[in-house]
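Asker: give me the fold of what follows.
(chains A and B)
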Amino acid sequence: MRILVADDDPVGRRLLESALSKSGYAVVAVPDGAEAWQVLSAQKAPRLAILDWEMPGLSGVEVCEKVREAVFPLEPYLIVLTSRGATDDVVKALRAGADDHITKPFEIEELRARVAVGVRIVTLQYELTERVRALEDALAHVDQLQGLIPICAWCRQVRNDGNFWEQVETYLAKRSGLQFTHGICPSCRVKEAAKSNGPRPT
Amino acid sequence: MKAADFPSGPKPVVGPPEDPPIRLALALRRVEGDLDLLEDLVKTFQEDLPGRIERLRAAIERGDPQDAARSAHSLRGPLGILGAEEAQALAEHLETLGSGGHLDEAATLYRTFEREVARVSAFFSSSDWKRRLGKSE
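Answerer: Residues are numbered from 1 along each chain as shown, chains lettered A, B, ... in the order given. Next comes the predicted model:
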């Protein structure tokens, strides 16, 4: 998974990059909030970001606000990193849209544990989105099988949405994933046998 | 230095002059024992330090307390990572003074801070710290 790191301190940025790379993440590192916002608002943006609070231009908290105001198909998980540890500061970061808050100087194991939580959340979010999409697709098919279906009273062909007549099994198979095996019912077997044998001589 | 020399804000950790400016064990813990990484961080710190110090000095000189606070804040992070606890505490105090608009006190404290940061820089400029950690040149 790709993770964005935004910190104007090159020492801190390098340490974050190293710690996350050692855990197997691909890291995108930027030195300020404006670049962080550019990366997060681009296509195929990293799903998780660690944002230093105090940065020139856009602060980490301001980046959180911009992210939450925008519409994303999948919301990124945002962690704010700061030496501010007062309750008011934590509340401010969370209310701005941060999902978590780490106090500097951080212990690497704590950083990794909190990032792992974020990864778990975004993975669950992705899986849920995919399930909803699959359910919506299935529901669309169900809708097509409801309502009046025009069917020929004689041959039992069905008129489809394109106004063409097709076999009923073809019609149902396209819209429901049903499969058919063909046989002959007892009453049809009797009728066919009677046709083959012809009228009995008197 | 006595605690009374710092009229307000958190009291820095001030020890006798002969105390090393860096807690190497702490720095090593920050990098999980990765000496190559520590060396890389030190190099980055040394390259970045003059600009940050100058920005802090200039902010105090022109009487810009908010920029002084921001500049001091920007130094806390790397000093903390590298185990420079005394320098980090002085930076935190400078940040507090700047935020509160106490530029005269900040100017006084800045001289102490500058000396301490010079000790930090000199410590990392020598090869002794690497030898102490068992790293070859």
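
Asker: could you use CA atoms for every contact and neighbour count after this?
Answerer: Noted.

Asker: how close does the residue nearest to A:Ala93 when sequence neighbours are not counted get to chain B?
Answerer: Among residues not flanking A:Ala93 along the chain, A:Val61 sits closest, at 5.8 Å (CA to CA, 6 or more residues apart in numbering or on different chains). Applying CA to the nearest CA, to the nearest Å, the value for A:Val61 to chain B is 16 Å.

Asker: quick check: next helix or strand after the strand or helix carrying A:Val61?
Answerer: When elements are assigned from DSSP states H and E, A:Val61 belongs to helix A:60-69. Moving toward the C-terminus from helix A:60-69, the next helix or strand (DSSP H and E) is strand A:77-82.

Asker: in PDB, please show the C-alpha coordinates belonging to that following strand.
Answerer: Presented in PDB, the C-alpha positions along strand A:77-82 are these (Å, rounded to 0.1, in the frame of the first residue of the first chain):
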ATOM      1  CA  TYR A  77      -7.100   7.600   6.300                       C
ATOM      2  CA  LEU A  78      -5.400  10.600   7.800                       C
ATOM      3  CA  ILE A  79      -2.900  10.700  10.700                       C
ATOM      4  CA  VAL A  80      -1.700  14.000  12.100                       C
ATOM      5  CA  LEU A  81       1.800  14.100  13.500                       C
ATOM      6  CA  THR A  82       2.700  16.900  16.000                       C
END
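
Asker: what angle do that strand and helix A:60-69 make?
Answerer: Interaxial angle, strand A:77-82 versus helix A:60-69 (axes from the mean of the first three to the mean of the last three CA atoms, to 10 degrees): 160 degrees.

Asker: and strand A:77-82, which strands flank it?
Answerer: When pairing is defined by DSSP bridges, strand A:77-82 lines up against strand A:48-52 (parallel), strand A:100-103 (parallel).

Asker: for the helix holding A:Val61, list the C-alpha coordinates in PDB.
Answerer: Included here for helix A:60-69 are C-alpha records, laid out as PDB according to Å, rounded to 0.1, in the frame of the first residue of the first chain:
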ATOM      1  CA  GLY A  60      -1.600  19.200   8.300                       C
ATOM      2  CA  VAL A  61      -4.900  20.200   9.900                       C
ATOM      3  CA  GLU A  62      -5.800  22.400   6.900                       C
ATOM      4  CA  VAL A  63      -5.100  19.500   4.600                       C
ATOM      5  CA  CYS A  64      -7.400  17.300   6.600                       C
ATOM      6  CA  GLU A  65     -10.200  19.900   6.300                       C
ATOM      7  CA  LYS A  66      -9.700  20.100   2.500                       C
ATOM      8  CA  VAL A  67      -9.800  16.300   2.200                       C
ATOM      9  CA  ARG A  68     -13.000  16.000   4.100                       C
ATOM     10  CA  GLU A  69     -14.700  18.800   2.200                       C
END
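
Asker: tell me which element the residue positioned nearest the centre of chain B falls in.
Answerer: Nearest to the mean C-alpha position of chain B, by CA atoms, centre = their mean, lies B:Ala87 at 3.3 Å. Using DSSP H and E, B:Ala87 sits in helix B:85-99.

Asker: elements contacting that helix?
Answerer: helix B:65-81, helix B:103-125 (3 or more CA pairs under 8 Å, 6 or more residues apart in numbering or on different chains; DSSP states H and E).

Asker: check the offset of stretch B:95-107 from the chain's centre.
Answerer: Distance of stretch B:95-107 from its chain centroid, counting by CA atoms, centre = their mean, to the nearest Å, is 17 Å.

Asker: again with stretch A:113-124
Answerer: 15 Å.

Asker: please apply the same query to stretch B:72-85.
Answerer: Relative to the chain's own centre, stretch B:72-85 is displaced by 5 Å; criterion: CA atoms, centre = their mean.

Asker: what are the contacting residues of it?
Answerer: With CA atoms under 8 Å, 6 or more residues apart in numbering or on different chains as the test, stretch B:72-85 has contacts from A:9, A:11-12, A:54, A:83, A:104-105, B:13, B:21-27, B:30, B:42, B:45, B:52, B:56, B:87-89, B:91-92, B:94-95, B:120.

Asker: cool, and stretch A:156-169?
Answerer: A:Ile149, A:Pro150, A:Ile151, A:Cys152, A:Tyr171, A:Phe180.

Asker: and the helix holding A:Val61, which residues are buried?
Answerer: Residues A:Gly60, A:Val61, A:Glu62, A:Val63, A:Cys64, A:Glu65, A:Lys66, A:Val67 are the ones in helix A:60-69 that count as buried (16 or more other CA atoms under 10 Å in any protein chain shown).

Asker: excluding residues flanking it in the chain, which one is nearest the first one?
Answerer: If the residues on either side of it in the chain are set aside, A:Gly60 comes closest to A:Trp53, at 4.2 Å by CA to CA, 6+ apart.

Asker: and the one you found, its phi and psi?
Answerer: The phi/psi pair for A:Trp53 (degrees, to the nearest 10) reads phi -70, psi -60.

Asker: so it touches A:Thr82, yeah?
Answerer: Yes. The pair A:Trp53 / A:Thr82 is scored as a contact, 5.4 Å apart, by CA atoms under 8 Å.
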